[in-house]
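**Student:** Structure for this input, please:
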Amino acid sequence: MKNDIDTLKKNDPNAIIVLLGDHGPYLTKNCTELRNFKLDLIDKYDVQDRYGTFLAINWPDEVSFEGNNIEIVQDILPAILETITENKDLFNELKVDRKFFDRFDSIIGGVNVLNGVIKGGKDNGKPLFEKRLYQINN
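**Tutor:** Purely as a prediction, here's the structure:
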């Protein structure tokens, strides 16, 4: 993957490169679903493990990314469009409505996330992630 990124940057230094996953790795407790766990045993790391995902965006040097409130994968394109057009209203106009559609309540044992805050479980009321944006400069 590193070779692919290096090739993209070499051939087009102004390319915006997006790398992402679609869900967490399911490494805690019993893999994908948290069935038969008491709420006080489900912590933020269990929730992060199922709903947190990897996202990396390589911006060209001349582009200043302000750090939109990217919460879901569908927010990536509105964030990119707002940044490259410099239209500060575009992200809010195009972002996906924040509705939580967890049809499978057992995935995180009845614990949910609303506006980045955990609802239920051991870490009720705490943010899912303390820091959501890291900027690395080469």
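**Student:** contacts and neighbour counts: CA atoms only from here.
**Tutor:** Noted.
**Student:** For the least confident helix or strand in the chain by mean pLDDT, enumerate the helices and strands it packs against.
**Tutor:** One helix or strand of the chain scores below all others by mean pLDDT, DSSP states H and E: strand 112-114, with a mean of 81. On a contact count with 3 or more CA pairs under 8 Å, 6 or more residues apart in numbering; DSSP states H and E, strand 112-114 meets strand 117-119.
**Student:** Show me how far the strand it packs on is from its chain's centre.
**Tutor:** Relative to its chain's centre, strand 117-119 lies at 15 Å (CA atoms, centre = their mean, to the nearest Å).
**Student:** Show me what that strand is packed up against.
**Tutor:** Looks like strand 117-119 contacts strand 112-114 (3+ CA pairs under 8 Å, 6+ apart).
**Student:** Tell me the strands beside the strand it packs on, with direction?
**Tutor:** Applying DSSP bridges, strand 112-114 is found paired with strand 117-119 (antiparallel).
**Student:** which stretches of the chain form helices?
**Tutor:** Taking DSSP state H, the helices of the chain run over residues 2-11, 44-51, 76-85, 90-94.
**Student:** winner for burial among those?
**Tutor:** Ranked by mean neighbour count, these are led by helix 44-51 with a mean of 21 (mean count of other CA atoms under 10 Å).
**Student:** what bits of the chain have low per-residue confidence?
**Tutor:** Scanning the chain for pLDDT under 70 picks out 67-68, 98-107, 137-138.
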